[in-house]
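Student: build me a model:
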Amino acid sequence: MSGEILVTGGTGYIGSHTVIELLKADYDVVIIDNFSNSSMKVIDRIEKITDKRPILINTDLLNKENIYDVFEKFSFSSVIHFAGLKAVGESVNNPLKYYYTNIASTVNLCEVMTAFDVKNFIFSSSATVYSAQNKMPINEDGNLGPNNPYGRTKLFIEEMLSDLYQSDSNWKITLLRYFNPVGAHESGLIGESPNGTPNNLMPFITSVAVGKQKNLKVFGSDYNTKDGTGVRDYIHVIDLAKGHVQALKHNCEPGIKTYNLGTGKGYSVLEVVKTFQLVNGVNVPYEIVDRRPGDIPISYADVTKAKDQLNWNAEKGIIEMCKDAWNWQKNNPNGYN
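Tutor: The predicted model follows:
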């Protein structure tokens, strides 16, 4: 496939790891990012790892004219769309910010793609689009019904993309529903670096282990699970990144396809904490606090479809996830700052 790959949000946590895998697979990459939750230093780190420097454009997808200018300069063959806000708790407290940022930016992007006849699209969706009422493991035909605004923005975008395909059957769209990405590049050069107090479990664990937070807050211990804490399907970010490369390779036929990207196994919060302590030999003090609004008890994936159709499956286990997350954090105690 000729032409560059546009990666929106390509300096973010998942985006940056995916850019590395794209460069390793010899794709030419252009990144659009506004650095609302990432760092310019990521580009230098990507270059150090791959010996290639992706083109970076500092702009905001909410500015449609700027996106148009970017498309004027390049001949994109595909777009991988990561850019967006992603904290469940923040979305509950500030839903309008999430609806506006996530949905309006995607509308702008798709309008410009239409204008330039670029109709290959990989969308970074989320397992939060599923209803809490599903039997586990969840497959792609599971009941939809997110219980927080962040998840609803992802579902609305999925439905919008489905409508877009119905209106123009030349579109080739792949929706990737991630479960819980964790870990970091094995080099320790890039990893998850959230601003402020982390919202997700693994960066919260590592920030406690490195002494930035006093203790880990475990939200709820009265769920109907093996130890009362929430169970999630954690996937190593490198496996997730490789899933995008496979999705890009297979996004050849018009249509709209949906895949779960996870490991197909669930681990409880306390299992992850104990594994992290054991693997890395560090202590992570924690306290049990009230359940967090918007959380569900158990969520893990049926990944058969991705295995069969994308020739992809997760290779790294919970031990590598814990080891690589700590390797990144201890070498970069303040993230990219």
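Student: where's Ile43, which helix or strand?
Tutor: Mapping Ile43 onto the secondary structure by DSSP states H and E places it in helix 41-50.
Student: ok, Phe123 next?
Tutor: Secondary structure assigned from DSSP H and E places Phe123 in strand 120-126.
Student: what's in contact with that strand?
Tutor: The contact list for strand 120-126 (Cβ atoms under 8 Å, 6 or more residues apart in numbering) reads 9, 14, 77-82, 84, 86, 106, 110, 113, 150-151, 154, 157-158, 161, 171-178, 244, 247-248, 251, 258. From N, CA and C alone the C-beta is placed, and that goes for glycine too.
Student: rewinding a little: next secondary structure after the helix holding Ile43?
Tutor: strand 55-58.
Student: contacting residues for the residue nearest in space to the middle of the chain?
Tutor: The centre of the chain sits closest to Ile14, judged by Cα atoms, centre = their mean, with a distance of 4.9 Å. With contact taken as Cβ under 8 Å, 6+ apart, Ile14 is in contact with 82, 124, 178, 181, 237, 240-241.
Student: what about the closest residue to Gly151 other than its chain neighbours, which SS state?
Tutor: If you skip the residues right next to it in sequence, Gly151 has Thr128 as its closest partner in space, 3.2 Å away by Cβ to Cβ, 6 or more residues apart in numbering. When the structure is reduced to helix, strand and coil (DSSP: H, G, I helix; E, B strand; the rest coil), Thr128 reads as helix.
Student: circling back to that earlier point, now the contacts of strand 120-126: which count as buried?
Tutor: Listed as buried from these are 9, 14, 77-82, 84, 86, 106, 110, 113, 150-151, 154, 157-158, 161, 171-178, 244, 247-248, 251, 258; burial here means 16 or more other Cβ atoms under 10 Å.
Student: which residues of this structure fall in helices?
Tutor: Assigned helices in the chain, in chain order: 13-24, 41-50, 64-73, 88-93, 95-98, 105-115, 149-167, 201-209, 237-250, 269-280, 304-310, 318-331 (criterion: DSSP state H).
Student: among the helices and strands of this protein, which one scores worst on average pLDDT?
Tutor: Scoring the helices and strands of the chain by mean pLDDT, DSSP states H and E places helix 88-93 at the bottom, with a mean of 90.
Student: helices or strands up against it?
Tutor: helix 95-98, helix 149-167 (3 or more Cβ pairs under 8 Å, 6 or more residues apart in numbering; DSSP states H and E).
Student: so which of those helices gets nearest Met40?
Tutor: Smallest distance to Met40 across the helices and strands packed on helix 88-93 (Cβ to Cβ): 23.3 Å, for helix 95-98.
Student: for Gly142, which non-adjacent residue is spatially closest?
Tutor: Leaving out its chain neighbours, the residue that sits closest to Gly142 by Cβ to Cβ, 6+ apart is Asn134, at 4.3 Å.
Student: oh, I was asking about Leu62
Tutor: Excluding the flanking residues, the one nearest Leu62 by Cβ to Cβ, 6+ apart is Ser105, at 5.4 Å.
Student: then Asn327?
Tutor: Counting by Cβ to Cβ, 6+ apart, the nearest residue to Asn327 once its immediate chain neighbours are dropped is Gly188, at 4.5 Å.
Student: check contacts around that neighbour.
Tutor: Contacts of Gly188 were listed using Cβ under 8 Å, 6+ apart, and they are 324, 327-328, 331-332.
Student: any idea how far Trp328 is from it?
Tutor: Between Gly188 and Trp328 the distance, using Cβ to Cβ, to the nearest Å, works out to 5 Å.
Student: wait, doesn't Lys154 sit right on Thr128?
Tutor: Yes: because the distance of 6.3 Å satisfies Cβ atoms under 8 Å, Lys154 is recorded as touching Thr128.
Student: isn't the residue nearest to Leu62 up against Leu85?
Tutor: No: counting by Cβ under 8 Å, Ser105 does not reach Leu85; the two are 9.6 Å apart.
Student: neighbour count winner among these two?
Tutor: Using other Cβ atoms under 10 Å, the more surrounded residue of Ser105 and Leu85 is Ser105, with 24 against 19.
Student: measure the residue nearest to Asn327 to Gly243 for me?
Tutor: 22 Å.
Student: same thing with Arg45?
Tutor: In this structure, Arg45 lies at 21 Å from Gly243, with Cβ to Cβ as the measure.
Student: just for the stretch 1-150 of the chain, where's the confidence low?
Tutor: Confidence mapping of the stretch 1-150 of the chain against pLDDT under 70 gives the ranges 1-2.
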